[in-house]
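Asker: Mind looking at a prediction? Sequence and model below.
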Amino acid sequence: MSYEYKVVPAPMKGVKAKGVKGAEAQFAHALSELMNSLAADGWEYQRADTLPSETRSGLTGKTTVFRNVLVFRRPLAVETDEATSDSAPLEVEKTVEINAPSLPSAHAAQGLPEAVKPLGGTKGDRDKGKVAAE
């Protein structure tokens, strides 16, 4: 099964809410709000990572800053549809074979015996009925 992933920055500070007291509780509340909102859209929490990020420092300098991110995943929608179609039984149409009547040969259709073939002459010769026996 294939997944699509979403990486979002972790909250940097807590969010005030009714009944939530203290910096740690506010931070935990902010984190749970973020995770619940993504879970409502079908995203499953995977892990939290701290990754390096290179940023500018001054005019020409660079510094490395570590960023905290949250990783979420969900199954691809295309495969979900395929799995549904695979589990449903397939309907097969029943085919009926009809035998067509056999047609007479060209000689029989013209009333000629099987051993007689038309001459390879001109069209006028064929129209006059000149035939050669083998």
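Answerer: Received, thanks.

Asker: And the strands in this structure?
Answerer: Shown for the chain, the strands assigned by DSSP state E span residues 3-9, 44-57, 61-75, 116-118, 131-133.

Asker: any idea how far Gly58 is from Phe66?
Answerer: To Phe66, Gly58 is 19 Å away according to CB to CB, to the nearest Å. Where C-beta positions appear, they are placed from N, C-alpha and C, glycine not excepted.

Asker: swap in Val15?
Answerer: 23 Å.

Asker: out of those two, which sits in the busier spot?
Answerer: Val15 (15 against 9; other CB atoms under 10 Å).

Asker: got the contact list for the spatially closest residue to that one that is not a sequence neighbour?
Answerer: Nearest residue to Val15, sequence neighbours excluded (CB to CB, 6 or more residues apart in numbering): Ala30, at 4.1 Å. Going by CB atoms under 8 Å, 6 or more residues apart in numbering, Ala30 touches 11, 13-15.
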